[in-house]
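1. output the structure for:
(2 chains)
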Number of protein chains: 2
Amino acid sequence: MFKRETKDFINIDPLQTGGKLTEEARQALLEWGDGYSVCDFCTTGRLDEIKTPPIHDFIHNQLPKFLGCDVARVTNGAREAKFAVMHSLAKKDAWVVMDENCHYSSYVAAERAGLNIALVPKTDYPDYAITPENFAQTIEETKKRGEVVLALITYPDGNYGNLPDVKKIAKVCSEYDVPLLVNGAYAIGRMPVSLKEIGADFIVGSGHKSMAASGPIGVMGMKEEWAEIVLRRSEKYKNKEVELLGCTARGATIITLMASFPHVRERIKRWDEEVEKARRFAAEMEKLGIKQLGDNPHNHDLMFFHAEVLYEISKKAKGGRFFLYRELKSRKIHGIKPGLTRYFKLSTYGLSDEEVDYVLNAFKEIIEKYS
Amino acid sequence: MFKRETKDFINIDPLQTGGKLTEEARQALLEWGDGYSVCDFCTTGRLDEIKTPPIHDFIHNQLPKFLGCDVARVTNGAREAKFAVMHSLAKKDAWVVMDENCHYSSYVAAERAGLNIALVPKTDYPDYAITPENFAQTIEETKKRGEVVLALITYPDGNYGNLPDVKKIAKVCSEYDVPLLVNGAYAIGRMPVSLKEIGADFIVGSGHKSMAASGPIGVMGMKEEWAEIVLRRSEKYKNKEVELLGCTARGATIITLMASFPHVRERIKRWDEEVEKARRFAAEMEKLGIKQLGDNPHNHDLMFFHAEVLYEISKKAKGGRFFLYRELKSRKIHGIKPGLTRYFKLSTYGLSDEEVDYVLNAFKEIIEKYS
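-> Sure, this is the predicted structure:
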């Protein structure tokens, strides 16, 4: 039996804090773990049309409402959703414009779709911001090089947790007549997001990253007008959506997403508290000489820190640059990659106040120990 | 909480019999259910390189040995693996040749990859066989229409459970210099299969269909020479495999596949018993006037039946064509689609002798009841 060593740790890896299963999802896993169990009562050959369990209602009613979109689907993950959109819109020699803070999988999805990629530059240290002005300029320049079939904005990005002015960026894209995809892998399921309010064309989210689901699973929402392109049907199998290869998350993953959904829908209402918690954490870290980069004051639980004090310690400490990882591990705190000391990201999402204090105190103790 | 009504039923749906979790996989689900849990100790950013849990050993050592291939990966499913291969090999106006018994997802994957599709015709009732001669002829004819970049054979197909002479078909493809992909979604994890012994180029399997894993997850094996094409790297993110979008089954699915694997490796050694059981079942059905189509004697647990006797009953029975479904349901047998009576498929895989007798007796009782 493979044991998960970190199971009773405080996990501050941004990848993990929003994907922790609810008790409902945990029970659903046991009930629906077997292979293709959700397909027992599939009658039309389409995952999204299964009525028992109530996948149809989830995908066609609850999810579009939640995402503020016309049409929604589940996918095998956010990256698979991004690829599906890019692959549907791709043309020979065409371009996609995306923010420089984008997740690597956005870039790789564009490569897979055969698109040329233009990156909107981020501003310098310490903000690393993606501005509407830079977005406009990159679209403007790229249009001179060829057709821009899509733009992508990461909201927030997975490095700094920055939330760009996505409404303004959507307006810019709309002015240039370029459809915009919002990568909300770290937003959807944590904070309120609505495609309609943003005014973009596509939105994708991650079940395992931010919706308390077992991976891999993602969600994809779009404006009605795109459905006939992205969800085009097979010529031979009239019911099958080509870009989804018929069905996507055909297993226990969809059930965990659905089982956690009532909880997720509630938790996003407490987003203000999460932001407050993150800001408090960042403020306390500043007192230890550890600077929070990116949006400041910060608007998301994912934070990037610059810690010269820890870097200096690592030069002399036993274990070198691995000292921080080991010190945290001995305190049952997991989530900062082994070897990182000067720059690292973490997330306070879902931590109790006591856990936040415990983590802060750990940093304080570690710094004191080596000073 | 979503309940799975069929959980304590005898499930003879071919989709379900090979995907039932082992006890080890069930425990692993609970341990690793959280979101991205397998990524806790990811150091290189690649799923297949994770050492804790031992994914690296599984993908780079155990899986290639099991599949008889040089290089293996896990994917989000067999269809996603087929698409990855097709998308990598696709060229403008090129063709893929596949057997007419292919799964719809093979066809849809080819459509998604922008390939023209030529189907190798099956022989007529009652065999529905794919012969090497027909395979050769279709390749021959298709070559006149354009470049054939790939051939695909379904081994066995998901309708009749026919096992074509895949070695001869591989030889045919090799003579025409066309790479061959073996879709073993109903083979790998049930019966011994080796890419090397077959002499083909690619092999794909399904974790949730035949490897006692929680879906969706698949496996993909290939000859060394194809790795640089199908597993080509991103230009910017040098470690990321473009066709896999970096990582694929990044969640609990991979853990269930690994947890069940020792059991799966053992169970394929008892394949003769499974074939024997299927043949016994078919012989008893014949006694009830229900004819088993496809390969006969049969070589696989997935069987297709032609039941005029049940069809005649459905014309008069209360509930019409749904009578069979209801009668089986009242006996806690699940897996024949509601409304089917004349033609249907089922699987005896993993059923105990008592369960086989129970199902046979159910058919007998039902026929007697309405006669």
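
2. residues of the stretch 201-350 of chain A that sit close to chain B?
-> Contacts of the stretch 201-350 of chain A with chain B, taken as CB under 8 Å from any CB of the partner chain, map to A:207-209, A:212-217, A:234-237, A:240, A:242-243, A:245-246, A:248-253, A:255-256, A:258-259, A:334, A:337-338. (Each C-beta comes from the backbone N, C-alpha and C, glycine too.)

3. one more time with 6 Å
-> Contacts of the stretch 201-350 of chain A with chain B, taken as CB under 6 Å from any CB of the partner chain, map to A:208, A:214-216, A:234, A:236-237, A:240, A:242, A:245-246, A:250-252.

4. and the end-to-end length of stretch A:341-350?
-> This stretch, stretch A:341-350, spans 24 Å end to end (CA to CA, to the nearest Å).

5. before we move on, the earlier item: can you turn the buried part of the residues of the stretch 201-350 of chain A next to chain B into a ChimeraX selection?
-> The ChimeraX selection below is limited to those of those classed as buried (16 or more other CB atoms under 10 Å in any protein chain shown):
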select /A:208,214,215,216,234,237,240,242,245,246,250,251,252
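
6. what's opposite the nearest residue to A:Asn134 once chain neighbours are set aside in the beta bridge?
-> Nearest non-adjacent residue to A:Asn134, counting by CB to CB, 6 or more residues apart in numbering or on different chains: A:Val120, 5.2 Å away. Beta-bridge pairing for A:Val120 (DSSP bridges): A:Asp99.

7. which stretches of chain A form strands?
-> A:10-11, A:71-75, A:95-99, A:116-120, A:148-154, A:180-183, A:202-206, A:218-222, A:291-293, A:302-306, A:333-334, A:343-347 (DSSP state E).

8. what about these, which gets the closest to B:Asp8?
-> With CB to CB as the criterion, B:Asp8 lies closest to strand A:71-75 of these, at 27.7 Å.

9. for the residue lying closest to A:Arg112 once chain neighbours are set aside, give me its contacts.
-> Nearest non-adjacent residue to A:Arg112, counting by CB to CB, 6+ apart: B:Val242, 4.9 Å away. B:Val242 sits next to A:108, A:111-112, B:232, B:234 when contact means CB atoms under 6 Å, 6 or more residues apart in numbering or on different chains.

10. so how far is A:Asn116 from B:Val242?
-> Separation of B:Val242 from A:Asn116 (CB to CB, to the nearest Å): 15 Å.

11. could you do A:Val264 as well?
-> Counting by CB to CB - A:Val264 and A:Asn116 are separated by 36 Å.

12. if we ignore the residues flanking it in sequence, what's nearest A:Gly350?
-> In space, A:Gly350 is closest to A:Thr17, 5.3 Å off (CB to CB, 6+ apart).

13. show me what contacts the one you found?
-> The contact partners of A:Thr17, by CB under 6 Å, 6+ apart, come to A:347, A:349-350.

14. what about burial for those, which qualify?
-> A:347, A:349-350.

15. of all residues in the stretch 101-250 of chain A, which one is closest to chain B?
-> A:Gly215 (2.6 Å; CB to the nearest CB).

16. is it true that that residue touches B:Tyr36?
-> Yes. The pair A:Gly215 and B:Tyr36 qualifies as a contact (CB atoms under 6 Å) at a distance of 5.5 Å.

17. list the residues that contact both of those two?
-> A:His208.

18. residues in contact with A:Val193?
-> A:Val193 is in contact with A:184, A:187, counting by CB under 6 Å, 6+ apart.

19. that older thread, mind checking how far the residue nearest to A:Gly350 is from B:Gly35?
-> 9 Å.

20. what's the answer for A:Asp34, then?
-> Counting by CB to CB - A:Asp34 and B:Gly35 are separated by 21 Å.

21. the more surrounded of the two?
-> B:Gly35 (31 against 26; other CB atoms under 10 Å in any protein chain shown).

22. next, give phi and psi for the more buried one.
-> phi 10, psi -100 (degrees, to the nearest 10).

23. residues in contact with it?
-> Counted by CB under 6 Å, 6+ apart, B:Gly35 has contacts A:19, A:208, A:215.

24. if you skip the residues just before and after it, what's nearest to the last one?
-> So the one you mean is A:Gly215. A:Gly215's closest residue in space is B:Gly251 (CB to CB, 6+ apart), at 2.6 Å.

25. residue contacts, A:Asn162?
-> By CB under 6 Å, 6+ apart, the residues touching A:Asn162 are A:156, A:294-295.

26. point me to the residue of the stretch 251-371 of chain A nearest chain B.
-> Going by CB to the nearest CB, chain B is nearest to A:Gly251 of the stretch 251-371 of chain A, at 2.6 Å.

27. hmm, A:Gly207 and the residue nearest to A:Gly215 touching each other?
-> No. B:Gly251 is beyond contact range of A:Gly207, at 8.9 Å (criterion: CB under 6 Å).

28. can you map out the helices along the stretch 51-200 of chain A?
-> Along the stretch 51-200 of chain A, the stretches classed as helices by DSSP state H, counting those that start in this stretch are A:55-57, A:63-67, A:78-89, A:104-112, A:132-145, A:166-175, A:195-198.

29. could the ones you listed be laid out in CSV, adding mean pLDDT?
-> Listed next are those as CSV, based on pLDDT from 0 to 100:
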stretch, mean pLDDT
helix A:55-57, 98
helix A:63-67, 98
helix A:78-89, 98
helix A:104-112, 98
helix A:132-145, 98
helix A:166-175, 98
helix A:195-198, 98
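
30. most tightly surrounded among those helices?
-> helix A:78-89 (a mean of 26; mean count of other CB atoms under 10 Å in any protein chain shown).

31. can you give me the angle that helix makes with strand A:95-99?
-> Angle of helix A:78-89 versus strand A:95-99, following axes from the mean of the first three to the mean of the last three CA atoms, to 10 degrees, is 150 degrees.

32. just the C-alpha atoms of helix A:78-89, please, in PDB.
-> The C-alpha trace of helix A:78-89 is given here as PDB (Å, rounded to 0.1, in the frame of the first residue of the first chain):
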ATOM      1  CA  ALA A  78      -7.800  23.000 -17.200                       C
ATOM      2  CA  ARG A  79      -4.900  22.400 -19.600                       C
ATOM      3  CA  GLU A  80      -7.000  20.000 -21.600                       C
ATOM      4  CA  ALA A  81      -9.800  22.600 -21.800                       C
ATOM      5  CA  LYS A  82      -7.300  25.200 -23.000                       C
ATOM      6  CA  PHE A  83      -6.000  22.900 -25.700                       C
ATOM      7  CA  ALA A  84      -9.600  22.000 -26.800                       C
ATOM      8  CA  VAL A  85     -10.300  25.700 -27.300                       C
ATOM      9  CA  MET A  86      -7.000  26.500 -29.000                       C
ATOM     10  CA  HIS A  87      -7.200  23.400 -31.200                       C
ATOM     11  CA  SER A  88     -10.700  24.400 -32.300                       C
ATOM     12  CA  LEU A  89      -9.700  27.900 -33.200                       C
END
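
33. report the distance from it to the chain centre.
-> The chain centre lies 15 Å from the centre of helix A:78-89; the measure is CA atoms, centre = their mean, to the nearest Å.

34. tell me how far the spatially closest residue to A:Ala28 that is not a sequence neighbour lies from B:Val74.
-> Nearest in space to A:Ala28, with sequence neighbours left out and distances taken as CB to CB, 6+ apart, is A:Ala259 at 3.8 Å. Distance of A:Ala259 to B:Val74, computed by CB to CB: 25 Å.
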